[in-house]
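**Q** Quick one, fold the following:
(one chain, ligands or ions: 2)
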Amino acid sequence: MTTPSQAPIIRLQGVEKWYGNFQVLTDINLDVRAGERIVICGPSGSGKSTMIRCINRLEAIQKGKITVDGTDLTGDSKAIDTIRKEVGMVFQQFNLFPHLTIVENCMLAPMRSRGLSKAEAQERAMHYLTRVRIPDQAHKYPSQLSGGQQQRVAIARALCMAPKIMLFDEPTSALDPEMVKEVLDTMIGLAEDGMTMLCVTHEMGFARSVADRVIFMADGKIIEQGPPAAFFDNPQHPKTQQFLGQILSNH
Ligand SMILES: Nc1ncnc2c1ncn2[C@@H]1O[C@H](COP(=O)(O)OP(=O)(O)O)[C@@H](O)[C@H]1O
Ligand SMILES: [Mg+2]
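**A** Ligands and ions are numbered 1, 2, ... in the order given. This is a model prediction of the structure:
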């Protein structure tokens, strides 16, 4: 018998997507278990961002099916609202509101779409700002923070919605090198707490130590996937070998 915890929390079945005549995703099949930590890598333009943006319905698909925590994303707009509350997303750019303080940035969405009172939203915001280790920055404005701090605020802001799943799209690639570690450490903390995570990243040290599974995409397809040790030490597909050769020689 299958218990609910064994059913995939995310399921992509035969997903196809086009931008006009250009096919950006081809026959994507992916099951993610609750609590699983997945790293997605691959060359620029391979469809990584598009795939994860489909998982919280920032992008629509033309063929196939995506189910998130039992909700069919091809359904009505109510389904989309449900998904947006359950799936948090962190982008390369932090996208904080410049005219709001750090704590206000974190309070906004829970008050608007979760119906929290101001006091409740503030308490929750301070909880997560403490968790990402910047409670002392709460009353500053985004421009007064470093890039690494702003990205940690973006993570705290997503967590304030109490998501079941977190999507990260190259969260450290816009950061100065000395700030990468503080953001990765925050993500490692989330992983240790059992969050279901899909991370597009080329931080291979992070992938090796945190991921349960590494997925390699090229030309809109999942070409290869596996546990990090097998993926990095014994890649099977020539495109994976070529990609890993390139990024590892750059580090
Ligand atoms: N809104 C869009 N309209 C047209 N083409 C797009 C759009 N977004 C992405 N693409 C194209 O789709 C392909 C995959 O993009 P993307 O998912 O951003 O790749 P990755 O994140 O792996 O670099 C690229 O060739 C890109 O130019
Ligand atoms: Mg991308």
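**Q** Do stretch 90-105 and ligand 1 come into contact?
**A** No. Stretch 90-105 stays clear of ligand 1 (Cβ under 6 Å from any ligand atom), getting no nearer than 9.8 Å. Any C-beta I mention is one placed from the backbone N, CA and C, and that applies to glycine too.
**Q** didn't Lys118 look like it was pressed against Met111?
**A** Yes. In this structure Lys118 lies within contact range of Met111 using Cβ atoms under 8 Å: 6.6 Å.
**Q** what about these two, which has more around it?
**A** A count of neighbours by other Cβ atoms under 10 Å puts Met111 above the other of Lys118 and Met111, at 18 against 9.
**Q** What residues sit buried inside stretch 131-144?
**A** Buried residues in stretch 131-144, counted by 16 or more other Cβ atoms under 10 Å: 131-132, 134-135, 137-138, 141-142.
**Q** where does this protein dip in pLDDT?
**A** Where the chain drops to pLDDT under 70, the residues are 1-5, 250-251.
**Q** tell me which element the residue minimising distance to the centre of it falls in.
**A** Centroid-nearest residue in the chain: Leu167, 1.5 Å away (criterion: Cα atoms, centre = their mean). Here Leu167 sits within strand 165-169, counting by DSSP states H and E.
**Q** Please name every helix or strand in contact with the helix or strand that that strand is followed by.
**A** Toward the C-terminal end, the helix or strand that comes next after strand 165-169 (DSSP H and E) is helix 177-192. With contacts defined as 3 or more Cβ pairs under 8 Å, 6 or more residues apart in numbering; DSSP states H and E, helix 177-192 has these neighbours: helix 147-159, strand 196-200, helix 204-210.
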